[in-house]
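Enquirer: Sharing a sequence plus its predicted fold:
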Amino acid sequence: MSDHCNFCLKSFKSSRAVSSHIANAPACKHRMEGVRAHIEDKEEANDEMHNMDVDGDIPFIFDYDVDVIQDMLPRSPPPNHHVHVEEVEDEERVWMQFIQIVRAEQEALGLDPWAPFADEEEWGLVKWLIARVGQMAIDEFLKLPITGHLKTSFTSKYLLMKAIDKLPCGTEWQLKRIQVKGNSGQAEGEDLELWLRNPVDCIRELMANLEFDGKVSYSPERVFADAEGTVRQYDEMWTGEWWWETQRRLPEGAVVAPFRGDQEVWPVYLTLGNISKDVRRQPSKHTAVLIAYLPVMKLECFSRETRSLECYQLFHYCVSQVLEPLISAGNDGIEVTCPDHKVRRMHPIVAAYVADFPEQYLVACCMENRCPKCTMGRNERGGMTKSGVHKQDSTLENLRLHQDGEMSNGQFEGELGLQAIYSPFWATLPHHDIFSCITPDILHQLHKGVFKDHLISWCSEIIGEEELDAHFKAMTLYSGLQHFKKGISKWKQWTGANYRELQRVFLGVIAGAVDNQILAAVCGVLDFIYYAQYQTHMDVTLSHMHNALASFHANKNIFLDLRVWEHFNIPKLHSMLHYVDAIRLFGSADGFNTELPECLHIDFTKRAYHASNRHDYVIQMTTWLQRQESIAIQEAYLRWWALQQPADSDSVTLDSDLNGPAPTAANFIILPHQAQHFTMLTASRGYFVPRRCPFPNSTIQRLLDEHSASLFIPALEDFLHNHLTPQDQIDVYKYLKVLSPARPHINIAKSPVIPLKDARKGPAPAHFDTVLVIKDEGRYTSGEGISGLRIGEVRVICDLPSRFGHLPHPLAYIHWFRPLQTFDDNLQSFKLTRSSRQQGPNAAVLPVNRVLHPCHLVPRFSRDGPEEFYLNRYIDLELFEHLS
């Protein structure tokens, strides 16, 4: 166990070493003196501080008495359940949060919270310059004559960077030089640089973040969906079985700190499973910490025959150097100050390793024709049959036997499928099993692998690229749905978002163009992918997930019969067998996706590299990252400071996550500020129309002509007893937003034909969204099912003139489709046609509070018969769950 300085966060072997460091480091000594003086003044002026005991040998952290937060009710506690929390009570050793130390120092020196910058406006300029402007451009900007009127405290890039370097910073980077001696006969080997940070210090930083209070768990939980405790839920990592199994191996009172490692060529990231996955998925929360840049070299000092293996061994050696502090920390535990101000003894344990397939093989020390998790043979991965999982102890024993010459290459490589990596980094990590740590990878295994690389490729060959592109071009529009107006055959750069957009319409695109057996196979894969993205699982959803995979395997031979594929011994297809077990072990798979590391890769590697001069760039990248972290820490500190101010005082205006990436189907979070703008119908459902009407005083004649609302006036008779005339004017809205339990808001667009200003282009075509409407309120319930619901196309959203009185809700003019009665078993979807009345559309006017949810209708691609549609249940996860 190591102690650390709370001013610079460096780790030391003992508290005496910390005291010696503070006494000899001018910056830390100056901060300590400022804190002492501030605390002494506070003790004289404030009786609330009477119990604070200051010991000069150790930095301080406040320890407030706050109960551990338990969430997700109802639950049934297991027998002999103990909350594994150790509260360290020591009157002579008082801890203070790092962020509070910063404020104490500023108050002692009479500085504003924005120091070393002048004020809030200058701090906003600094953030913008660092985030949006390159370093050369910063210098050019500050040399402009007009910037002299700003009177900033810095006049050059050099002075700005010096000021940023005065801000609180994270764990410092260290350099370890590695000398590699080759076997190719070269006189010299290769000198490599491993840049790393102490992962224990990084864990302390994460756990000390006050913004995570209430979003961190310190003990495993069994969560149930019912009050009787019979329906088990798997959601956060602490709801899975791994945490319970690990907790039993630790001393009574110990807290598990499971962390994830993400390896993407150069960077290695770390985050904690204690933190809620809703927070972990937001890059702006800085829950993923970069702990190393691994050297990736060609190692030309080795012969071609051994070069690849030596690169593998170099990787394991470097990762073992990075994770070495976790060996003693995992065994003995470390004292960590938590967001609730308590100090706990935590055991940081590598729980999950998130990586794509090549890294998984590398980590598991196995050949790429084997499974990194189980012992399935290299030619046996094409079915639903499971085999035993790899055992870490037996794998290490096999590596030792081969190294000592007691096992032949035929058995080692041919039968066991192992690589000769005799010192894997995970061999000495405590309470750890690398094979269970390898988690599902939705992005590379499902979206890109099984779906894009295989399923789309097979169907494209069956249907033909030209016809498939034509179907994508003819797809109906939907708010937020990407329209592949040029097809997909020429698409070059694919992303995870593109894959998800394809999945939303793919079944409808191929319907009518392929055999029913192909539809069943595709439906099975799509269902599995959608279930894999659930944020919360129960035994019934895991059963559906298994059945979806079984449905694919039951129908997959059609692709062999049509000769578009030769076998199903596909590694990524085989990996789907391990999803259900992984979810029971670690919680839902959406908490372990590789999309976050790929997003971080842009910030921590690409942007950092472009900020360098391309020469000796790694040290420049670490400096750039250190400054970025300083900006983030200062911003977190200012948010904390603003919360401490009295409610009636002026407070700083801080950035929020509103400018971050929009929520996706797998990550919907209802935020309080979003609900404030909605007219709430229930606790979780509401609607919103723009405050400013985009089409005020629209004539009824305009609705009849441009919106094709030919029956608008007759439909209003039930409301207004036929008082409207074509000359009356009303306010018409362009869209409606619906608030639903799973999403912040969903747009419902209604747009007539709009002439464009550019004369070279034609007018934008009319677009009207389809919605699920509560037609019969008596039959409709807020639970599952479609009772009382009907589908309609929204043509007009409007308010009536004030002379007709005030209605509680705006009105929607809707064209009905036929009731949801015809179900297509092959597509697992409802078949629909438009409803008519007296040789015209069947129309109605309803208050917008009857609009439940937007929906997407996929046209039936056929050459004859009336216009038919399919209700697309894959358009989003909420509708998929509602209709499945």
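Expert: Everything's here; your move.
Enquirer: could you point out the longest helix in this protein?
Expert: If you go by DSSP state H, the chain has its longest helix at helix 617-644.
Enquirer: Give me the buried stretch members for that one, please.
Expert: Of the residues in helix 617-644, 618, 620-641 count as buried by neighbour count, 16 or more other Cβ atoms under 10 Å. C-beta coordinates here come from the backbone N, C-alpha and C atoms, glycine included.
Enquirer: Next: stretch 156-165.
Expert: 157, 160-161, 163-164.
Enquirer: which regions of the stretch 201-350 of the chain lie under the pLDDT threshold?
Expert: Low-confidence segments of the stretch 201-350 of the chain, defined by pLDDT under 70: 252-265.
Enquirer: Number of residues surrounding the nearest residue to Pro339 once chain neighbours are set aside?
Expert: Once flanking residues are discounted, Pro339 sits nearest to Asp213: 3.9 Å by Cβ to Cβ, 6 or more residues apart in numbering. Asp213 is flanked by 13 other residues according to other Cβ atoms under 10 Å.
Enquirer: so how far is Asn613 from Asp213?
Expert: 41 Å (Cβ to Cβ, to the nearest Å).
Enquirer: Gly480 too?
Expert: Going from Gly480 to Asn613 by Cβ to Cβ gives 42 Å.
Enquirer: And Gly377, by the same measure?
Expert: 51 Å.
Enquirer: These two: who's more crowded?
Expert: Neighbour count, other Cβ under 10 Å: between Gly377 and Asn613, Gly377 has more, with 13 against 9.
Enquirer: Assign a three-state SS to that one, would you?
Expert: coil (DSSP: H, G, I helix; E, B strand; the rest coil).
Enquirer: Test my guess that Val738 contacts Leu852.
Expert: Yes. Contact status for Val738 versus Leu852: in contact at 7.4 Å, counting by Cβ atoms under 8 Å.
Enquirer: overlap in contacts of these two?
Expert: The overlap between the contact sets of Val738 and Leu852 (Cβ atoms under 8 Å, 6 or more residues apart in numbering) consists of Arg685.
Enquirer: who has more neighbours, those two?
Expert: Val738 (23 against 19).
Enquirer: so that one sits in a strand?
Expert: Yes. Secondary structure assignment (three-state DSSP) places Val738 inside a strand.
Enquirer: My guess is Leu789 contacts Val773. True?
Expert: Yes. Using Cβ under 8 Å, Leu789 is in contact with Val773, at 6.8 Å.
Enquirer: burial count for the nearest residue to His610 once chain neighbours are set aside?
Expert: Spatial nearest neighbour of His610, excluding adjacent residues (Cβ to Cβ, 6+ apart): Gly134 at 7.7 Å. Gly134 has 14 neighbours, counted by other Cβ under 10 Å.
Enquirer: Look up phi and psi at Gly134.
Expert: Main-chain dihedrals, Gly134, degrees, to the nearest 10: phi -70, psi 160.
Enquirer: Surely it is in contact with Asn613?
Expert: No. Checked against Cβ under 8 Å, the pair Gly134 and Asn613 is beyond contact range at 11.4 Å.
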